[in-house]
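**Student:** kindly return the folded structure for what I paste below:
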Amino acid sequence: MFFTKRLYIALGAVVCVFVFAFVYPWLYLVGLLAFWLLVLLVMTDILLLFANKNGIITKRQAAHQKLSNGDENDLFISIQNNYSFGVHAEIIDEIPEQFQFRKFNIKKQLESGEGQKIKYTLRPVSRGEFHFGDTIVLVSTVFGLAKRKFVFDTKQMLPSYPSFLKLRQYELIAI
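**Tutor:** Numbering: from 1, shown residues only. The predicted structure follows:
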């Protein structure tokens, strides 16, 4: 579980109200009310996120069982929201180190029960084995005060062969 920037900003605002309460004593009750309201919202957010064990389901699929060297290769991430409410999802796919992507994440809004298939492309520039890691999904509710982390074991190895996609094009031209 992670707390978001929104929570820290709200907490900072409550602290500011308490600081100003030294000058204006009537603000103490406002600060106290805001603090307990914030605690109630955080607890509600946490309960909503952790009430469903399988709130999000994700898997990765490749268009082919191998990568074509030098070509754009399509990969797909399927994500399903099993919560009874809409969520904000941040999908982090652990891409092989050969691609040199440091921050590969996709942000999506998913409605209740909605599933999406997200497409992205990778272009390998060398031959060999490409080892993909886990798929991580960070989920938050409408309040956005806490996030839940889902880690899916989607490890797979895809070999990269010389450009077989271009080879097919020239095969058709030759015929």
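**Student:** rest of the way, CA atoms for contacts and neighbours
**Tutor:** Fine.
**Student:** next SSE downstream of the lengthiest helix in the chain?
**Tutor:** Assignment by DSSP state H gives helix 27-50 as the longest helix of the chain. Sequence-wise, the next helix or strand downstream of helix 27-50 (DSSP states H and E) is strand 56-62.
**Student:** and that following strand, what does it pack against?
**Tutor:** If you count contacts as 3 or more C-alpha pairs under 8 Å, 6 or more residues apart in numbering; DSSP states H and E, strand 56-62 packs onto strand 73-81, strand 135-140, strand 146-152.
**Student:** dump the ones you listed to CSV, plus distance to Val23, mean neighbour count and mean pLDDT.
**Tutor:** Output for those, formatted as CSV (distance: least, C-alpha to C-alpha, whole Å; neighbours: other C-alpha atoms under 10 Å; pLDDT from 0 to 100):
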stretch, distance to Val23, mean neighbour count, mean pLDDT
strand 73-81, 48, 18, 92
strand 135-140, 37, 23, 94
strand 146-152, 33, 19, 94
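**Student:** returning to that earlier point: what packs against the longest helix of the chain?
**Tutor:** In this structure, helix 27-50 makes packing contacts with helix 5-20, strand 146-152, judged by 3+ C-alpha pairs under 8 Å, 6+ apart.
**Student:** quick revisit: for Ala13, find the nearest of the helices and strands packed on strand 56-62.
**Tutor:** Comparing the helices and strands packed on strand 56-62 against Ala13 with C-alpha to C-alpha, the closest turns out to be strand 146-152 (17.3 Å).
**Student:** how far off centre is the closest one?
**Tutor:** Counting by C-alpha atoms, centre = their mean, to the nearest Å, strand 146-152 is centred 8 Å from the centre of its parent chain.
**Student:** which strands border that strand, and is each parallel or antiparallel?
**Tutor:** If you go by DSSP bridges, strand 146-152 pairs up with strand 2-3 (antiparallel), strand 135-140 (antiparallel).
**Student:** angle of that strand against helix 27-50?
**Tutor:** For strand 146-152 against helix 27-50, the angle by axes from the mean of the first three to the mean of the last three C-alpha atoms, to 10 degrees is 20 degrees.
**Student:** show me what the helix or strand that strand 146-152 is followed by is packed against.
**Tutor:** Later in the chain than strand 146-152, the nearest helix or strand by DSSP H and E is strand 156-161. Identification of packing neighbours for strand 156-161 by 3+ C-alpha pairs under 8 Å, 6+ apart yields strand 67-68, strand 128-132.
**Student:** next up, the contacts around Phe101.
**Tutor:** Ile95 (C-alpha atoms under 8 Å, 6 or more residues apart in numbering).
**Student:** distance check, it against Val142.
**Tutor:** 29 Å (C-alpha to C-alpha, to the nearest Å).
**Student:** ditto for Met43
**Tutor:** Distance from Met43 to Val142, by C-alpha to C-alpha: 14 Å.
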